[in-house]
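Trainee: any chance you can model this:
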Amino acid sequence: EVQLVESGGGEVQPGGSLRLACAVSGFNITRTFMSWVRQGPGPGPEWVSQMNGISGWFDYADNVKGRFTMSRDVAKNTLYLQMNSLKPEDTALYYCARGNKGTAILGSTYRGQGTQVTVSS
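Mentor: Purely as a prediction, here's the structure:
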């Protein structure tokens, strides 16, 4: 059974940091693309970052580049998203999904339920 379970969300002040985790079971994250996506108050999901599990290549949306870092623990089959210098506009439900940017935005077959991040003073 495929499961993606996110954790690590919470409420933080602007400028703060959070580290999200996505524990994956049912497939190997080193053999596929994985993405982080967020759903804020806007009309649709916003892609945040992606990883090529085979090559270890990472890519980020322009508005998080330099602040967010995606990583993985191969032994734990877990993804991470380190978020620094958080801004109120980063407030959203964050979820991980199997697939690259396009697949994740269109709607991956495999995604987690998400973890809420709220940035507020």
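Trainee: list the contacts for the residue most central in space within the chain?
Mentor: Central residue of the chain (C-alpha atoms, centre = their mean): Trp36, 2.6 Å from the mean position. Counting by C-beta atoms under 8 Å, 6 or more residues apart in numbering, Trp36 makes contact with 20, 22, 47-50, 70, 79, 81, 94-97. To be clear about C-beta, it is placed using only N, CA and C from the backbone, and glycine gets the same treatment.
Trainee: with Asp59 instead?
Mentor: By C-beta under 8 Å, 6+ apart, the residues touching Asp59 are 49-51, 101.
Trainee: could you say which helix or strand holds the residue nearest to the centre of the chain?
Mentor: Per DSSP states H and E: Trp36 is located in strand 33-39.
Trainee: tell me which other helices or strands the helix or strand following that strand touches.
Mentor: Remark: after strand 33-39, the chain's next helix or strand is strand 46-52, criterion DSSP H and E. Under the contact definition 3 or more C-beta pairs under 8 Å, 6 or more residues apart in numbering; DSSP states H and E, strand 46-52 sits against strand 33-39, strand 57-60, strand 68-73, strand 78-83, helix 101-107.
Trainee: looking at those, which is buried most?
Mentor: Stretch with highest mean neighbour count among these: strand 33-39 (a mean of 23; mean count of other C-beta atoms under 10 Å).
Trainee: what helices and strands are in contact with the least confident helix or strand in the chain by mean pLDDT?
Mentor: Least confident helix or strand, the chain: helix 101-107 with a mean of 89, by mean pLDDT, DSSP states H and E. If you count contacts as 3+ C-beta pairs under 8 Å, 6+ apart, helix 101-107 packs onto strand 33-39, strand 46-52.
Trainee: tell me the mean pLDDT for the first one?
Mentor: Right, the one you point to is strand 33-39. For strand 33-39, mean pLDDT is 97.
Trainee: okay, now the sheet partners of that strand, with direction.
Mentor: According to DSSP bridges, strand 33-39 forms sheet pairs with strand 46-52 (antiparallel), strand 92-98 (antiparallel).
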